[in-house]
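**Q** sequence first, predicted model second:
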Amino acid sequence: MNINFKNNYQIIFLVILSIMIAFQIYQLFNEDNKKEDDMSSESSEIETYQETESISNKTLKKISNIKETKLNISKETNKLMKYGQPIDIFDDNGSRIMFWKLNNNPWNNLYYNSTKNTFTFGLNATLDEELLQQWTKVIPNIGFNKKDNNVNITTEDEESALAVANLILSTIHKELTIKEITDSNLLDISLAKIRAHPLVKTKILEQINEKLSNQTDKVKSDHSMDLATSKMNIDPYGGNEFSFLL
């Protein structure tokens, strides 16, 4: 029996070569599948991250809005805390009203409309009919309550009310005329200084209290006409703010 070793070696070599080629093809095939899986996984991670980022932004915006709302509430609370606890809280014409009876100068009482965010301060001073009509042409949100002998001033804050009260008392005491006040733009100037300088606010308070304490000759109001307008009788804390002071 003759064995051809040469042919056998060739066959073995071809078999081994075929196995090696098949193994390499198998490896290449696996690497391609792995790359596709990795790309799919990365795409999924990117989509997930973008979605999470979007949700996060929405959440942050909500948190920001909540903080801003709390901050606004806090500011209003700080404004009201100085007056202590209100003696009455009630609803009127769709507005929530808080009422204080004050003994501290210069205000006798205070209405706060939390719906409109306006204050109505009661100043213990007497406006005669003629002077009241002149003032309401300049500032519509002024009224006189004859029963309480209060000039009612509706504003967005106490600084505005102080500026108005000081000038009203100046006209009552005939130190200034309304024409002089409007021609010189004293309302805007006074308010700007009060808001910008705490010392000016303190000085204005002193002037107001001094004028109130020196009221010896109060003008008698005309009893044939109720100086408290129907608006002020019904809603002494309402009305639109005088825009040039806000």
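**A** In hand now; what should we look at?

**Q** would you map the helices across the chain?
**A** Along the chain, counting by DSSP state H, helices occupy 5-81, 129-138, 158-172, 178-183, 186-196, 198-213, 230-234.

**Q** mind showing which ranges of this structure have poor pLDDT?
**A** Applying pLDDT under 70 to the chain flags residues 1-10, 29, 31-77, 104, 215-246.

**Q** could you rerun that using 80?
**A** Counting by pLDDT under 80, the chain shows low-confidence ranges at 1-18, 20, 22-79, 104-105, 215-246.

**Q** which positions within stretch 13-27 qualify as buried?
**A** For stretch 13-27, burial by neighbour count (16 or more other Cβ atoms under 10 Å) applies to no residue. In this view, the C-beta of every residue, glycine as well, is placed from N, C-alpha and C.

**Q** then it to CSV, C-alphas only?
**A** Listed next in CSV are the C-alpha coordinates belonging to stretch 13-27 (Å, rounded to 0.1, in the frame of the first residue of the first chain):
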residue,chain,number,x,y,z
PHE,A,13,-3.0,22.3,5.3
LEU,A,14,-6.2,23.1,3.3
VAL,A,15,-8.4,22.0,6.2
ILE,A,16,-6.5,24.1,8.7
LEU,A,17,-6.5,27.1,6.3
SER,A,18,-10.3,26.7,5.9
ILE,A,19,-10.8,26.5,9.7
MET,A,20,-8.7,29.7,10.1
ILE,A,21,-10.6,31.5,7.4
ALA,A,22,-13.9,30.4,8.9
PHE,A,23,-12.8,31.5,12.4
GLN,A,24,-11.7,35.0,11.1
ILE,A,25,-15.1,35.4,9.3
TYR,A,26,-16.8,34.4,12.5
GLN,A,27,-14.8,37.0,14.5
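
**Q** Pro106 touches Ile208, doesn't it?
**A** Yes - assessed by Cβ atoms under 8 Å, Pro106 is found in contact with Ile208 at 4.6 Å.

**Q** anything in contact with each of those two?
**A** 162, 165 (Cβ atoms under 8 Å, 6 or more residues apart in numbering).

**Q** check which residues of stretch 105-125 are buried.
**A** The neighbour-count check on stretch 105-125 (16+ other Cβ under 10 Å) flags 106-113, 116, 118-123, 125 as buried.

**Q** among these, which lie within strands?
**A** 107-113, 118-123 (DSSP state E).

**Q** and which of these is nearest Phe90?
**A** Closest to Phe90 out of those is Tyr111 (10.2 Å), distances taken as Cβ to Cβ.

**Q** hey, what's the closest one bridged with?
**A** Per DSSP bridges, residues listed as beta-bridge partners of Tyr111: Phe99, Thr120.

**Q** I'd like the numbering to begin with 28 instead of 1 from here.
**A** Happy to do that; since the first residue is 28 now, the last one works out to Tyr138.

**Q** that one and Thr209, how far apart?
**A** Going from Tyr138 to Thr209 by Cβ to Cβ, to the nearest Å gives 27 Å.

**Q** ok, and the closest non-adjacent residue to Ser141?
**A** Nearest residue to Ser141, sequence neighbours excluded (Cβ to Cβ, 6 or more residues apart in numbering): Arg123, at 4.5 Å.

**Q** what sits against the one you found?
**A** Arg123 is in contact with 116, 140-142, counting by Cβ under 8 Å, 6+ apart.
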